[in-house]
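Participant: show me the folded form of this:
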Amino acid sequence: MRILCLHGSALHGQLFEAKTAKLRSLLPQTYSYEWLDGQYHVVPPKLIRDAYPGPYLSHIESLTTDGMKSAMARLETIIEERGPFDGVMGISESLKGAMLAASLLIKCQMDRQTSTPRFGIFFAGLIPLTWTDSIGQDVHVLMRKYPLLLDKAVWQQPNTTLCRDRLQALGAEAEFAPEFQSSLQPVKASSRPRCLHPDMHSERLDLPTVHVWGRQDVLSKQSELVLQLCNPDLAESYQHEGGHDVPQLWPDNEAVSEIIQNAILQSEYAL
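Facilitator: Have a look, this model is predicted:
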């Protein structure tokens with residue numbers, strides 16, 4: 001049983017390995033793990049820098065469709081060259097890991113890839129970003145100013161709703177400076193982030209998934225939305241006593257280990 005493991009932003013594979021040591025000690029010894037390091041060096045937030053040693057790595061260069069397209073291409077190449085992998089496990093501590101894992105599985109399903117991993121494990125999941133401007137919602141403004149707003153009504157047209165006054169003011173200035181008009185044009189779509197909100201994206205990830213997040217996680221609503229993007233008959237969730245991290249208490253890890261093993265059995269035998 002081979003599992004591809006994706007760390008969060010400004011972390012690294014060895015640290016993700018250490019964080020999951022308790023959990024993995026409760027899983028069968030026949031499971032093996034590929035701890036993939038991100039290819040980009042990033043400046044860590046102070047909270048991360050004070051808590052963990054480097055290197056501080058990311059799998060994604062930028063939170064845009066261009067950045068996601070490059071990250072997806074790299075992961076697909078790794079799966080082809082080092083695989084097959086039975087499943088993917090990611091953590092979104094400091095963002096990205098579990099988000100990237102969800103995006104990868106959704107893309108594999110949409111592309112009907114034969115080498116698609118058969119299950120997903122998401123710790124502190126975040127709404128997945130897309131790799132193309134043909135699907136998902138443009139969240140350029142929301143991510144910058146209102147990252148905790150997750151209501152469908154706000155997501156539907158965030159840019160026109162939240163930026164109208166500013167654009168009108170800029171338009172007035174442009175009347176007196178025609179050369180300024182070009183700056184009012186939206187940046188190219190591929191340079192903007194797009195996300196898959198379950199209320200606006202009808203397709204569901206149709207494989208066994210495990211969703212784990214902390215009761216004290218301020219981003220827990222995002223994890224709930226990731227859960228909603230998955231087939232409810234194949235998805236299991238668990239809330240541990242911690243925050244935006246993997247569980248560390250033994251009772252939590254014991255419960256999560258059972259859920260993971262059940263999901264893997266489902267993936268093997270279509271139970």
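Participant: tell me where this protein has strands.
Facilitator: Per DSSP state E, the chain has strands spanning 2-6, 32-36, 40-41, 57-58, 87-91, 119-123, 137-138, 194-195, 209-214, 235-240. These are given in chain order.
Participant: the second one - contacts with which helices or strands?
Facilitator: Right, strand 32-36. Taking 3 or more CB pairs under 8 Å, 6 or more residues apart in numbering; DSSP states H and E as contact, the helices and strands that strand 32-36 lies on are strand 2-6, helix 13-19. For glycine as for every other residue, the C-beta is placed from the backbone atoms N, C-alpha and C.
Participant: would you turn those into CSV with mean pLDDT and distance to residue 57?
Facilitator: Below are the helices and strands packed on strand 32-36 laid out as CSV (pLDDT from 0 to 100; distance: least, CB to CB, whole Å):
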stretch, mean pLDDT, distance to residue 57
strand 2-6, 97, 11
helix 13-19, 94, 8
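Participant: could I get these as TSV with distance to residue 246?
Facilitator: Rendered in TSV, the data for the helices and strands packed on strand 32-36 read as follows (distance: least, CB to CB, whole Å):
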stretch	distance to residue 246
strand 2-6	11
helix 13-19	5
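Participant: closest to residue 216 out of these?
Facilitator: In terms of CB to CB, the element of the helices and strands packed on strand 32-36 nearest to residue 216 is helix 13-19, at 16.5 Å.
Participant: which parts of this protein are helices?
Facilitator: For the chain, the helices defined by DSSP state H cover 13-19, 21-25, 46-51, 65-82, 97-110, 140-145, 152-156, 158-176, 220-228, 250-269.
Participant: out of the strands of the chain, nearest to residue 268?
Facilitator: Closest to residue 268 of these is strand 119-123 (CB to CB; 9.0 Å).
Participant: was I right to think residue 226 contacts residue 128?
Facilitator: Yes: judged on CB atoms under 8 Å, residue 226 makes contact with residue 128 at a distance of 7.1 Å.
Participant: got any residues that touch both of the two?
Facilitator: residue 102 (CB atoms under 8 Å, 6 or more residues apart in numbering).
Participant: circling back to that earlier point, would you single out the least confident of the strands of the chain?
Facilitator: If these are sorted by mean pLDDT, strand 137-138 sits at the bottom with a mean of 76.
Participant: so where's the stretch 1-150 of the chain shaky on pLDDT?
Facilitator: Low-confidence segments of the stretch 1-150 of the chain, defined by pLDDT under 70, are located at 93-97, 140-150.
Participant: residue ranges of each domain in the protein, please.
Facilitator: As recorded under automatic domain parsing, the domains making up the chain are 2-137+195-269, 138-191.
Participant: end-to-end on the longest one?
Facilitator: Using CA to CA, to the nearest Å, the end-to-end distance of domain 2-137+195-269 comes to 16 Å.
Participant: next one: stretch 195-205
Facilitator: Stretch 195-205: ends 15 Å apart by CA to CA.
Participant: list the buried residues for stretch 243-255?
Facilitator: When burial is assessed from 16 or more other CB atoms under 10 Å, stretch 243-255 yields the following buried residues: 244-247, 252-253, 255.
Participant: keeping just the C-alphas, turn it into PDB.
Facilitator: Listed next in PDB are the C-alpha coordinates belonging to stretch 243-255 (Å, rounded to 0.1, in the frame of the first residue of the first chain):
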ATOM      1  CA  GLY A 243      -6.200  23.200  15.700                       C
ATOM      2  CA  HIS A 244      -5.000  23.500  12.100                       C
ATOM      3  CA  ASP A 245      -2.700  20.500  12.300                       C
ATOM      4  CA  VAL A 246      -2.600  16.700  12.400                       C
ATOM      5  CA  PRO A 247      -4.000  15.200  15.600                       C
ATOM      6  CA  GLN A 248      -1.500  14.500  18.400                       C
ATOM      7  CA  LEU A 249      -3.500  12.900  21.100                       C
ATOM      8  CA  TRP A 250      -3.500   9.100  21.100                       C
ATOM      9  CA  PRO A 251      -7.300   8.700  21.300                       C
ATOM     10  CA  ASP A 252      -7.700  11.000  18.200                       C
ATOM     11  CA  ASN A 253      -5.000   9.100  16.300                       C
ATOM     12  CA  GLU A 254      -6.600   5.700  17.200                       C
ATOM     13  CA  ALA A 255      -9.900   6.900  15.800                       C
END
